[in-house]
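Chemist: Sequence first, predicted coordinates after that:
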Amino acid sequence: MFELIIASLIGYSLGNFQTSYILGRLFRKIDIRNLGNGNAGASNATKTLGWKYGIIIALLDILKAVLAVIMVRRLFPDSPIFLFTAGFSTMLGHIYPIILGFRGGKGTASLIGMLISIDYRIGLILIFLLVSITIITDYIALATIVVVSILPVLTYLFGYSINSILICIFIALLSIYKHLPNIKNIINKREPGLRETINKKKKK
């Protein structure tokens, strides 16, 4: 139990480092949560601040999950459950940051960081699917839902414990819940596609 608490605290604390909010305040003097869809993450940053900001923010959000997993691995080696706990907690800190009144992002970049640092095989498979489905459909939200739905299955196929699989199920449910507004907008044809967003920013 002590180890789970430590892993959770490390992950949640790093997750609270809100890259899009900090960069928005520093360089644009804005609160990213007041723009676009109100999400403090890389996707909304791309739509509102431009693809360059989006890439930087995504990389930093990936990095904080990688750092959380590395720190916990050093403390508790050979314990995947603690690594998954740290990664999930980083996502929770990113989505529900206490320092920003629990209004954060959607955790996709943090999920990528978690996966590539825990098991690069799962990470690479899901990154490939995420990119491929985004290119095909033009919607990263739709791609994310497909990817997180597959995550528990891959965790099972690669031989992880039931506890690790359960954490991945919670991750999938949380991510799907956070992306429901995007899916509603896609159905109602109100969700801007990724290509449309990038092209608009290039013209400005």
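Modeler: Cool, got the structure. Note that this is a predicted model, so its numbers are computed, not measured. Residues are numbered from 1 along each chain as shown.

Chemist: From here on, just use CA atoms for contacts and neighbour counts.
Modeler: Will do.

Chemist: Spit out the contact partners of Ala143.
Modeler: 129-131, 133-134, 137 (Cα atoms under 8 Å, 6 or more residues apart in numbering).

Chemist: can you pull the buried residues of the helix or strand harbouring it?
Modeler: If you go by DSSP states H and E, Ala143 is part of helix 140-157. Applying a neighbour-count criterion of 16 or more other Cα atoms under 10 Å, one finds 140-152, 154-155 buried in helix 140-157.

Chemist: Mind giving me the packing neighbours of the strand or helix carrying Phe82?
Modeler: Here Phe82, judged by DSSP H and E, is contained in helix 80-95. Contacts defined by 3 or more Cα pairs under 8 Å, 6 or more residues apart in numbering; DSSP states H and E place helix 80-95 against helix 2-15, helix 51-75, helix 108-118, helix 162-187.

Chemist: Dump the contacts of Ala143 into JSON lines; add pLDDT, neighbour count and secondary structure as well.
Modeler: Below are the contacts of Ala143 laid out as JSON lines (pLDDT from 0 to 100; neighbours: other Cα atoms under 10 Å; DSSP: H, G, I helix; E, B strand; the rest coil):
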{"residue": "Leu129", "pLDDT": "96", "neighbour count": "17", "secondary structure": "helix"}
{"residue": "Leu130", "pLDDT": "94", "neighbour count": "22", "secondary structure": "helix"}
{"residue": "Val131", "pLDDT": "93", "neighbour count": "14", "secondary structure": "helix"}
{"residue": "Ile133", "pLDDT": "94", "neighbour count": "19", "secondary structure": "helix"}
{"residue": "Thr134", "pLDDT": "91", "neighbour count": "19", "secondary structure": "helix"}
{"residue": "Thr137", "pLDDT": "90", "neighbour count": "13", "secondary structure": "helix"}
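
Chemist: With distance to Ser164 as extra columns, can I get these in JSON lines?
Modeler: Shown next, in JSON lines, are the contacts of Ala143 (distance: Cα to Cα, whole Å):
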{"residue": "Leu129", "distance to Ser164": "21"}
{"residue": "Leu130", "distance to Ser164": "21"}
{"residue": "Val131", "distance to Ser164": "25"}
{"residue": "Ile133", "distance to Ser164": "26"}
{"residue": "Thr134", "distance to Ser164": "27"}
{"residue": "Thr137", "distance to Ser164": "30"}
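
Chemist: Please name the nearest non-neighbouring residue to Leu154.
Modeler: Closest residue in space to Leu154, ignoring its immediate chain neighbours: Ile122 at 6.7 Å, by Cα to Cα, 6 or more residues apart in numbering.
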